[in-house]
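Asks: Sequence first, then the predicted structure, then my questions.
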Amino acid sequence: MSTLELFPLGTVRGDDGALVIDGASVTDLVKQFGTPLYVYSENTLRASCRAYTQPISELYPDSTVMFAAKSYLDPTIASIVGEEGLGVETVSGSEMQTVHRAGISPELITLHGNNKLIDEIDQAVDLGIGHLVADGIDDLQLIAERAQRSNTIANVLLRLTPGISAHTHEYIRTGEIDSKFGIPIANGQAADAVRLALSLPGVKLVGYHAHIGSQIFDVNPFKGNIKALIDFTIQMEADTGYFPEAISPGGGAGVRYEEQDSGLSPESLVKEIAQSLIDYLPDTRRPHLILEPGRSIIARSGVAVYTVGTIKRIPEVRTYVAVDGGMADNIRPALYGANYTVVLANRNSTGPTETVSVAGRYCESGDILFNNVTLPELNRGDLLASATSGAYGMSMASNYNMALRPAVVMIDKGRARLTRRRETIQDIWNVFPNQY
Ligand code: LLP
């Protein structure tokens, strides 16, 4: 397999050796939009949506795929996933309002959050979104209270912690009992929450949700999660007579960042989840299935492009190649030790290669974007492009060092449209009341 297969579908080298993403030359894009630049491929994004919607429509038709907006959201992305028939899972009032304005219908919006603000709950209730996911007893009570105040009934999923340990980075594991998310099943708190939800006038308990983590390659934790949700369903039906209308095992499918990664295809994940539901449920009543993929929808469609600046050679030690971005536009390497595949993007080279560390430009020694990567000999002005960069890069970007967050473009058959402009210093200054 070639490295280019980790990039958006159909990425090739042009005649001049430059990377061409969905018909658009990276060199031309950089001339127009500058760097750091996030480039998304519409074609790849749509294909990733369909990798979920097509198999699920056959294997478990009574289902909804909700795109996890936290992985990256802008109005263009929201419209595209909406056109593909997906709903959107949000975790803040801002995400919720953004997808609503982009035209996603309220029934297809979910609001999560372990500490939803009163204002966010009110917005969700006013918009009449599909589900609020109650993350704890307090949260459930608050949702009920606010809905009652508006003389309405909120549709609620209860977020449960099933006690599943997934082999992923500690910071992105969420299914274990000791977690700030969800209500533990094992100690009886989840059962209490169900009884409470059934008794509260402001809420309708629609079903159960459990998200076990992110960047998971193994299907077994997903199957274990479905098993835990169904066991709980059966136990609660025996106790209370309540049977859920919907079950949501969250998102979490891992994607390939490097050639050696195995990945987990949406098709096989959907197959396993659908089959587990069918196997574990003792009779033919089938709850609606809600999936919430983020990374596996958006990661491959996005590429981050940087310009090489200073090159510092420390003989016998290391060569640092510094680029014009870094942890302010992709914090994942610094935060999780995440690896990416990076290539020289403005030209092809068959010349000598060198193992270097590609450093960011922000004031922290840990701001290394790509550690120990083998690249052709580089010069100032060369462009580097990292694959699989569409998820949790731009969405976790910050203004550290008063960095100006990058521009984002969407490519459709060679045509680029700016979907998020580069920030200017005025964007930074706008938050200082009556100054600058
Ligand atoms: N549903 C819930 C309730 C979630 O908390 C998440 C992710 C998802 C769905 C989507 O998971 P995905 O399919 O994207 O794995 N910043 C980290 C990832 C954090 C994931 C948080 N929750 C990273 O960069 O790896």
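Replies: Nice, thanks for sending it over.
Asks: leaving aside the residues next to it on the chain, what's closest to the residue in the stretch 51-200 of the chain that the ligand sits nearest to?
Replies: Proximity of the stretch 51-200 of the chain to the ligand (Cβ to the nearest ligand atom) peaks at Ala68, 3.5 Å away. Every residue, glycine included, has its C-beta placed from N, CA and C. Closest residue to Ala68 apart from its sequence neighbours, by Cβ to Cβ, 6 or more residues apart in numbering: Gly294 at 2.9 Å.
Asks: Show me which residues of the chain sit near the ligand.
Replies: Within the chain, the positions near the ligand by Cβ under 6 Å from any ligand atom are 68, 70-71, 89, 112, 172, 211, 214-215, 250-253, 292-296, 332, 336, 392.
Asks: check contacts around the residue of the stretch 51-200 of the chain closest to the ligand.
Replies: 89, 251, 292-295, 297 (Cβ atoms under 8 Å, 6 or more residues apart in numbering).
Asks: quick one: which of those residues sit in strands?
Replies: Among the contacts of Ala68, the residues falling in strands (DSSP state E) are Glu89.
Asks: which ones among the contacts of Ala68 are found in helices?
Replies: 295, 297 (DSSP state H).
Asks: could the contacts of Ala68 go into CSV alongside neighbour count and pLDDT?
Replies: Shown next, in CSV, are the contacts of Ala68 (neighbours: other Cβ atoms under 10 Å; pLDDT from 0 to 100):
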residue, neighbour count, pLDDT
Glu89, 33, 98
Gly251, 25, 97
Glu292, 26, 98
Pro293, 28, 98
Gly294, 24, 98
Arg295, 25, 98
Ile297, 32, 98
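Asks: contacting residues around the residue nearest to Ala68?
Replies: Gly294 sits next to 67-71, 89, 214, 251, 391-392 when contact means Cβ under 8 Å, 6+ apart.
Asks: Then Thr90?
Replies: By Cβ under 8 Å, 6+ apart, the neighbours of Thr90 are 69-70, 96, 99, 109-112.
Asks: same question, Thr11
Replies: Thr11 sits next to 4, 19-22, 41, 303 when contact means Cβ under 8 Å, 6+ apart.
Asks: what do you get if the cut-off is 10 Å, keeping everything else the same?
Replies: Contacts for Thr11 were tallied using Cβ atoms under 10 Å, 6 or more residues apart in numbering; they are 2-5, 19-23, 26, 41, 44, 300, 303, 343, 385, 387.
Asks: which residue is nearest the centroid of this protein?
Replies: The centroid of the chain falls nearest to Ser71 when counting by Cα atoms, centre = their mean (2.4 Å).
Asks: how far away is that residue from Ser395?
Replies: 6 Å (Cβ to Cβ, to the nearest Å).
Asks: Pull up the overlap in contacts between these two.
Replies: Shared contacts of Ser71 and Ser395, defined by Cβ under 10 Å, 6+ apart, comprise 294, 298.
Asks: Partner strands of the longest strand out of those in the chain, with direction?
Replies: When the chain is parsed with DSSP E, its longest strand is strand 302-314. Sheet pairing for strand 302-314, assigned by DSSP bridges, gives strand 37-41 (antiparallel), strand 318-323 (antiparallel), strand 383-386 (antiparallel).
Asks: returning to that earlier point: which among the contacts of Thr11 end up buried?
Replies: Buried members of those, scored by 16 or more other Cβ atoms under 10 Å, are 4, 19-23, 26, 41, 44, 300, 303, 343, 385, 387.
Asks: how about Glu364, what does it touch?
Replies: So Glu364 contacts 326-328, 334, 400-401 (Cβ under 10 Å, 6+ apart).
Asks: and the residue of the stretch 301-436 of the chain found nearest the ligand, how many residues sit next to it?
Replies: In the stretch 301-436 of the chain, the residue that lies nearest the ligand is Tyr392 (3.1 Å; Cβ to the nearest ligand atom). When neighbours are defined as other Cβ atoms under 10 Å, Tyr392 has 26 of them.
Asks: Confirm that it sits in a strand.
Replies: No. Applying DSSP: H, G, I helix; E, B strand; the rest coil, one finds Tyr392 to be coil, outside a strand.
Asks: Test my guess that it contacts Ile298.
Replies: Yes. Counting by Cβ atoms under 10 Å, Tyr392 touches Ile298, with 8.9 Å between them.
Asks: so what's in contact with those two at the same time?
Replies: With Cβ under 10 Å, 6+ apart as the test, Tyr392 and Ile298 both reach 68, 71-72.
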